[in-house]
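>>> pasting the sequence and the predicted coordinates here, then a few questions.
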Amino acid sequence: MNFKGKLGLQQRVLPGYRVPFFDLLASHCAGGMSLFAGQARPVEMIAGGTTQIARHVEADNLHLLGGPLYFCYQRNFTRWLEDWNPDALIMEANLRYLASPSAVSWMHRRGRLVLGWGLGAPKQSRLWKRFIHQFDGMIVYSQRGAEEYAALGFPREKIFVAHNSVSPAPQKPDDRPWTIDHATLLFVGRLQARKRVDSLLRACAEMEVKPRLIIVGDGPERATLETLAKEVYPSAEFIGAKHGMELKPYFQQADLFVLPGTGGLAVQEAMSYGLPVIVAKGDGTQDDLVREKNGWQIEPENYEALVSTMKTALSDIARLREMGKESYRIVSEEINIEKMTDIFVGALNSLST
């Protein structure tokens, strides 16, 4: 299934983990796809990427203020639209991007389709309602986000759930032994306070049979965490930052993936290796990915819940293996970049007719 026209897709930045999806989507656009995205702020430390099929045009990002008052203005947005002249535009549905309304107006004056792509509406307010109603359709990461848009009066038939994905469907599951002396726990992600790796270190120390703990990643909290580990869990292994196929041996060694804090796109990748997962509840993107049959969702900042859930998980290795099989099935059959692309193309086609 292809989109017959020319597609424009706007992003604030182009993170490397999105490149496979953008190239796959571009390959399903008969008229081609141009991706408009700029540079992140240095403090964000977002690893960029280079597309092979999608035509990336650099946005001139002007970053304004910071923290909860952060805004971004992309100064050459209209010029890009004039040059590419797309039949349809997909853009981030974010109130903080100040050039978005003028881009929507440019498209609508020419009778062109504009779709928003977002997490949902975090605040049920008149401002959000007015903002989302400028779009002809909404693509959303999760079912929870879809309900938030619908609660603001956006037509349900114009809301499309494309589960957030960064990986293709896996080819085959990994075989793991059904009996082990002690479990291996894995964390993959940026080492920053909100990831709560400190809680993971302390929780491991409370397990009756001490698991092997592998921590893959780097970030501003690494030195602090390594110091803490020497005090509470000295056997913890800090591997440093790894990307792509460098991560494979660590996923293959693990028995359980644990993400005690918010965020984390590595969850799906862990599931593609047949791993059960423990994750903190977040913006709704985990709701459709992590279910009772393949893992546990815990309240963020709830240390007691983390400890009790880890004890439950590690008490039955056979159950972990069955849950890992379900993780693999979910990302193989339901949530991957191929399925995500199908939803995007389907949304474009259904709203273009």
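Noted; the coordinates are in hand. Numbers count the residues shown, from 1 in each chain.
>>> find me the pLDDT at the closest residue to E334 other than its chain neighbours, would you?
Residue nearest to E334 in three dimensions, not counting chain neighbours: H163, with 7.3 Å by C-beta to C-beta, 6 or more residues apart in numbering. Every residue, glycine included, has its C-beta placed from N, CA and C. Per-residue confidence (pLDDT) for H163: 90.
>>> H163: how many residues sit nearby?
21 (other C-beta atoms under 10 Å).
>>> so it sits against E338, correct?
No. Counting by C-beta atoms under 8 Å, H163 stays clear of E338, with 11.5 Å between them.
>>> tell me who's in contact with the residue nearest to E334.
141-142, 285, 288-289, 334-335, 339-340 (C-beta atoms under 8 Å, 6 or more residues apart in numbering).
>>> output those residues as CSV; include the columns pLDDT and secondary structure.
Shown next, in CSV, are those (pLDDT from 0 to 100; DSSP: H, G, I helix; E, B strand; the rest coil):
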residue, pLDDT, secondary structure
Y141, 90, coil
S142, 88, coil
T285, 64, coil
D288, 78, coil
L289, 84, coil
E334, 91, coil
I335, 91, coil
K339, 95, helix
M340, 96, helix
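>>> quick one: which of the residues you listed is nearest T78?
Ranked by distance to T78 (C-beta to C-beta), those are led by Y141 at 27.4 Å.
>>> in which helix or strand does the spatially closest residue to that closest one that is not a sequence neighbour reside?
Nearest non-adjacent residue to Y141, counting by C-beta to C-beta, 6+ apart: N164, 4.2 Å away. Using DSSP states H and E, N164 sits within no helix or strand.
>>> can you tell me how far N164 sits from A121?
Distance, N164 to A121, using C-beta to C-beta, to the nearest Å: 16 Å.
>>> repeat that for A347.
Distance from A347 to A121, by C-beta to C-beta: 18 Å.
>>> next: T224.
35 Å.
>>> between these two, who's got more neighbours?
Remark: of T224 and A121, A121 carries more neighbours, 24 against 13, as counted by other C-beta under 10 Å.
>>> what sits against that one?
128-129, 132, 145, 148-149, 151-152 are the contacts of A121 under C-beta under 8 Å, 6+ apart.
>>> out of everything not next to it in sequence, what's closest to Q52?
Using C-beta to C-beta, 6+ apart, the nearest residue to Q52 is D23, at 5.5 Å.
>>> shouldn't that neighbour be within a helix?
Yes. Judged by DSSP: H, G, I helix; E, B strand; the rest coil, D23 forms part of a helix.
>>> and the closest residue to S27 other than its chain neighbours, how many neighbours?
Nearest residue to S27, sequence neighbours excluded (C-beta to C-beta, 6+ apart): I53, at 5.3 Å. For I53, the neighbour count with other C-beta under 10 Å is 16.
>>> would you map out the domains in this structure?
Using automatic domain parsing, the domain parsing of the chain gives 7-166+336-352, 184-333.
>>> contacts only, for the residue sitting nearest the centre point of the chain.
By C-alpha atoms, centre = their mean, the mean C-alpha position of the chain lies nearest to L265, the distance being 4.5 Å. Contacts for L265 were tallied using C-beta under 8 Å, 6+ apart; they are 17, 164, 166.
>>> please apply the same query to P122.
By C-beta under 8 Å, 6+ apart, P122 lies in contact with 128, 148.
>>> of all the contacts of A121, which two lie farthest apart?
Longest span within those, C-beta to C-beta: K129 and G145, 14.9 Å.
>>> if we can go back for a sec, between the contacts of L265, which has the most around it?
So for the contacts of L265 (other C-beta under 10 Å), the most neighbours sit at N164, 22 neighbours.
>>> may I have the phi/psi pair for it?
When read as degrees, to the nearest 10, the backbone of N164 gives phi -60, psi 120.
>>> just N336 next, same as before
Torsion angles, degrees, to the nearest 10, at N336: phi -160, psi 170.
>>> thinking it is in contact with S167, fair?
Yes. Here N336 reaches S167: they are 6.2 Å apart, a contact under C-beta under 8 Å.
>>> check contacts around L89.
Per C-beta under 8 Å, 6+ apart, neighbours of L89: 7-10, 81, 103-104, 107, 112-115.
>>> make sure it is indeed in a helix.
No. Secondary structure of L89 (three-state DSSP): strand, not part of a helix.
>>> quick check: nearest residue in space to it, chain neighbours excluded?
Per C-beta to C-beta, 6+ apart, closest to L89 is G8, 4.5 Å.
>>> I figured the one you found was touching F36, is that so?
Yes. Counting by C-beta under 8 Å, G8 does reach F36; the two are 6.6 Å apart.
>>> now do the shared contacts for those two.
Common neighbours of G8 and F36 (C-beta under 8 Å, 6+ apart) are W80.
>>> what's the burial count for L24?
Neighbours of L24 (other C-beta under 10 Å): 17.
>>> skipping adjacent residues, who's closest to it in space?
That would be T341: by C-beta to C-beta, 6+ apart, it lies 5.1 Å from L24.
>>> strands along the stretch 151-300 of the chain, start to end?
Under the criterion DSSP state E, counting those that start in this stretch, strands of the stretch 151-300 of the chain are mapped to 159-161, 184-188, 212-216, 237-240, 256-259, 277-280, 295-298.
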